[in-house]
Structure formats: C-alpha cells, structure tokens
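**Q** Sequence first, then the predicted structure:
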Amino acid sequence: MPFPSSPRARSGPRRRSLLALGPAAVAVAGCTAGGADPADPGDGPSAAERRARARAARDSEGLVERYDAVIAARPGLAGRLGPLRENVVRHAQAFGGGRKASPSGSGSVTPSASPSAAVPGNDKDALAGLAAAERELADRRSKELLGVPGELARLLASVAAAGAAHVYLLTEGDA
C-alpha cells in the first residue's frame, strides 16, 4: 500500500540542492575573501608582520654570529655547537634571513663573525654566554608572539621553544 503524499506543500530548495551548492558557495566565498582594496589582497603579510619577521631573522643571524665567534675562539666546542648553530641558521631562514649553514663541526666561520663579541677564555663561560643569549632571545620571542598574526606567532613560539632547548643543552646537557 503506497503512502499518501504529505499534505504540506514543499517550499524552498530541497536538501539535495543545498548539498550540491554548498561546496560551490564555499569556493566562491574563498575566492573573494580578500579586502575591498585591490592593491591590498588581504592574504599577504602586513607591514607589521614583515617588520617582525625581519627583526626575528636579524636576531637569529646575530645569534649565529655569536656561535661563530665562540667556535672560532674555542675550536674544541665546534662539535657540540655545530648542530645548535645549524638550527639557528634554519631559524633565520624560516624568518626570511639568507645565511647558509657551514658544515657542522668543520670549525669554519663565516667572515661576518662579530669581532665585538668577546668570548670568555674557558669553555664553561663561553657556553654560559651562548646560553644567556639564547635565553634572552627565547624570552623576547615568547613575549612578541602575542602581538603578531597566527602563522608568525606559531613560528615564533616554535623557535622560542627550540631556543629554550638550546639553553638546556648548553647549560645542563653533557653532550
């Protein structure tokens, strides 16, 4: 026995129609999510974000120079510091810096190593100086991430965490 049709007349679109149109509507909305100003597409970094990235890259490059100075003054630490230095180079590159890493443990120092960075005469003090620089930079980045947009904030948080790990390896680690 067939069921009688519903006495209520259907008005508006059917569920199948809405399901078919949903992805198309999302695609159209995604294509027009930019700002109203055609000169500002809305998906590029803001001037403040570009400045924050440039500052973070410079800070990482300055830290690489500190590593270079310590490695040049204390070649016996090159094997221990090489991997940490390479990480800092990658951090600078992630922020848009342009330094290249030298082979770890090679003891070769880029010519831009800062001569003004005084390296203490013993290994323990040299490591403590690097740890203090890493700690200061990680703390500063942790504070800065509150004022930058999402992706840059995540990058700053990640690099700050890596810096904190470097502090541990420089002060507590016996590797």
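**A** Okay, I see it. Residues are numbered from 1 along each chain as shown.
**Q** Only C-alpha atoms from now on, for both contacts and neighbour counts.
**A** OK.
**Q** Which residues does the host helix or strand of Ser142 contact?
**A** Following DSSP states H and E, one finds Ser142 within helix 123-144. For helix 123-144, the surrounding residues in contact (C-alpha atoms under 8 Å, 6 or more residues apart in numbering) are 59, 63, 66-67, 70, 74, 77, 119-120, 156-157, 159-161, 163-164, 166-168, 170-171.
**Q** Can you list the low-confidence ranges for the chain?
**A** Counting by pLDDT under 70, the chain has low-confidence residues at 1-44, 99-117, 173-175.
**Q** make it 80
**A** Applying pLDDT under 80 to the chain flags the ranges 1-45, 98-118, 173-175.
**Q** Now do the helices in it.
**A** For the chain, helices defined by DSSP state H occupy the ranges 15-31, 47-73, 78-94, 123-144, 150-171.
**Q** With mean neighbour count added, can I get those helices in TSV?
**A** Shown next, in TSV, are the helices of the chain (neighbours: other C-alpha atoms under 10 Å):
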stretch	mean neighbour count
helix 15-31	10
helix 47-73	20
helix 78-94	21
helix 123-144	18
helix 150-171	19
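**Q** any idea how far Ala131 is from Leu169?
**A** To Ala131, Leu169 is 9 Å away according to C-alpha to C-alpha, to the nearest Å.
**Q** ok, now how distant is Asp59 from Glu172?
**A** 24 Å.
**Q** How about Glu144?
**A** From Glu144 to Glu172 the distance is 27 Å (C-alpha to C-alpha).
**Q** who's in contact with the residue lying closest to Ser60 once chain neighbours are set aside?
**A** Using C-alpha to C-alpha, 6 or more residues apart in numbering and skipping the chain neighbours, the partner closest in space to Ser60 is Ala92 (5.0 Å). Counting by C-alpha under 8 Å, 6+ apart, Ala92 touches Ala56, Ala57, Arg58, Asp59, Ser60, Glu61, Gly98, Arg99.
**Q** so which of those residues comes closest to Val88?
**A** Of all the contacts of Ala92, Ser60 has the smallest distance to Val88: 6.1 Å, by C-alpha to C-alpha.
**Q** Was I right to think the closest one contacts Arg85?
**A** No. With contacts counted by C-alpha atoms under 8 Å, Ser60 stays clear of Arg85, the gap being 9.8 Å.
**Q** Quick check on Gly96: phi, psi?
**A** Main-chain torsions, Gly96, degrees, to the nearest 10: phi 110, psi 10.
**Q** my read: it touches Ala57, true?
**A** Yes. With contacts defined as C-alpha under 8 Å, Gly96 counts as touching Ala57 at a distance of 6.2 Å.
**Q** Overlap of the contact sets of these two?
**A** Counting by C-alpha under 8 Å, 6+ apart, Gly96 and Ala57 have no common neighbour.
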